[in-house]
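*Asks:* For reference, the sequence and a predicted model appear below.
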Amino acid sequence: MSRSPAASPGRATRNDVAKLAGVSPAVVSYVVNGTKRVGEATEERVREAVAKLGYRANPSARALRLGSTEMLGMLMPTAMNPYFAQLAHEVEVAAARHGYLVITSSSDSSVATERVQLEQLAGRLVDGIFLCSTVFDPDLRNLDLAGIPIVVLNNSASVPTRDSVGVDLLHGAHLAVEHLAEHGYEDIGLVIGGTTGDEEDGRETGWRESLDRLGLEPGPIARGSFTPDGGYDAMRRLIRSGDVPRALFVASDQMGRGVLKAAHETGLRIPEDLAVVSFDGSLDAAYSWPTLTSVAQPLTEMAEAAVDALLGPQHEPRHLVVDAHLVIGRSCGC
């Protein structure tokens, strides 16, 4: 007994669908790929035929025909951080306007994992990669050999031989420190994460520069991971040392959440006893209590610039710097 086409899902061809629906194979392609509008009745017949036959488009054949998989990769340190989740969403939206799907992955802030996952994305034949690296100058030689274009995203410094997009960390730190100083705070400390390279984080450099320009002595520094736990542990160490400053610049909203938790547990009032300005402008800031005043990174602008750089005409590598802006919450004393 022969098997009906519906008994072999995924094996039906576009011609099979066209024959059953009474249309041309081109019309089937228009409906399945959404590349051209057809009449509602025609579209309905095609979709019924697709469902009955269990037809699935062959992405490999389409990629060969177009010379493109219409897929891009994005690798970030972690998907747990709302900042990176928001940035990935903006990249997906910007890429979709060009007809591209984005595959996202995270390296768990590991240089070794980052290298492996870059190779895995390359093996998926993506047309390009957005990399939010864990280091300032990532090793991308294997991608160069594979001929896969890459844009380094969320990078404050330029990267040799390729496009990069990032916010001016120095300027962002200046905004934070100067805002705290405008409230009259003179003892301004820093809570910040570590870096995987030898370069000092631009937020720390900007903090020092601003205090020097204002004629203020640097307050205490507490370091931890760029996580709520990291901010919590750093703040607990400041409390145990008895050296809690009047104000803190906290290098990420995630760390800021941890700082607030440790302060609340100890009875420190925000901002009456301790004023706080954080960095990123993520949902963490908006939904903390009190709401965090935060230096916000313009994620939509960054994502659109990165997509344009990756998919636009070829050009000499360039570094695009976007300006952060201050979003006022209640943690600074405003």
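*Replies:* Here it is on my side, so go on.

*Asks:* For T69, give me the pLDDT.
*Replies:* The confidence metric pLDDT takes the value 63 at T69.

*Asks:* All the strands of the stretch 201-334 of the chain, in order from the start?
*Replies:* In the stretch 201-334 of the chain, the strands defined using DSSP state E, counting those that start in this stretch lie at 221-223, 247-250, 275-280, 293-296, 319-322, 325-327.

*Asks:* buried set for the fifth one?
*Replies:* With burial defined by 16 or more other C-beta atoms under 10 Å, the residues of strand 319-322 counted as buried are L320, V321, V322. All C-beta spots, glycine's among them, are computed from the backbone N, C-alpha and C.

*Asks:* immediately after the helix or strand of the chain with the lowest mean pLDDT, which helix or strand?
*Replies:* The least trusted helix or strand in the chain, going by mean pLDDT, DSSP states H and E, turns out to be helix 59-66, with a mean of 53. Downstream of helix 59-66, the first helix or strand assigned by DSSP states H and E is strand 71-76.

*Asks:* Run through the neighbouring helices and strands of that next one.
*Replies:* Secondary-structure packing of strand 71-76 (3 or more C-beta pairs under 8 Å, 6 or more residues apart in numbering; DSSP states H and E): helix 82-96, strand 101-106, helix 111-123, strand 129-131.

*Asks:* so where's the stretch 51-200 of the chain shaky on pLDDT?
*Replies:* Low-confidence segments of the stretch 51-200 of the chain (pLDDT under 70): 57-69, 141-146, 196-198.

*Asks:* and the closest residue to P298 other than its chain neighbours, how far is that from M76?
*Replies:* Leaving aside its sequence neighbours, P298 sits nearest to V322 (C-beta to C-beta, 6 or more residues apart in numbering; 5.3 Å). Distance of V322 to M76, computed by C-beta to C-beta, to the nearest Å: 18 Å.

*Asks:* Buried residues, stretch 104-122. List them.
*Replies:* Neighbour counts over stretch 104-122 (16+ other C-beta under 10 Å) mark T104, S105, S106, S107, S109, T113, E114, Q117, L118, L121, A122 as buried.

*Asks:* quick check, nearest of the residues you listed to S241?
*Replies:* S241 has its nearest neighbour among those in S109, at 26.9 Å by C-beta to C-beta.
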